[in-house]
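Trainee: no FASTA, just this:
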């Protein structure tokens, strides 16, 4: 993973955690899945309300569409 991709991953997790902690979701965001199309990454995550903890469950390369 490049340093740029890793930085994007960190920033996305911070945004997701901050939004959940504040009780806000971006309107097009699906809880449990976040796509970083510019970096070709798909994040799977879980939010535990009791402990206010965001857990990264999976990190995969985004599948490209076949021509």
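Mentor: Structure's in. What do you need? Quantities reported herein were computed from a predicted structural model and do not represent experimental measurements.
Trainee: Before we go further, residue 17 is sitting in a strand, right?
Mentor: No. Using DSSP: H, G, I helix; E, B strand; the rest coil, the assignment for residue 17 is helix, not a strand.
Trainee: What segments of this structure are helices?
Mentor: 3-22 (DSSP state H).
Trainee: Roughly how far does residue 7 sit from residue 16?
Mentor: When distance is defined by C-beta to C-beta, to the nearest Å, residue 7 is 15 Å away from residue 16. Yep, even glycine has a C-beta here, placed from its N, CA and C like the rest.
Trainee: who has more neighbours, these two?
Mentor: Neighbours per residue (other C-beta atoms under 10 Å) separate residue 7 from residue 16, with residue 16 holding more: 20 against 12.
Trainee: Now do that one, the pLDDT please.
Mentor: Among the per-residue scores, residue 16 holds a pLDDT of 79.
Trainee: how near is it to residue 54?
Mentor: Per C-beta to C-beta, residue 16 is found 6 Å from residue 54.
Trainee: Find residues that contact each of the two.
Mentor: Common neighbours of residue 16 and residue 54, using C-beta atoms under 8 Å, 6 or more residues apart in numbering, are residue 45.
Trainee: Tell me which residues of stretch 36-51 come out buried.
Mentor: 36, 39, 41, 42, 43, 45, 47 (16 or more other C-beta atoms under 10 Å).
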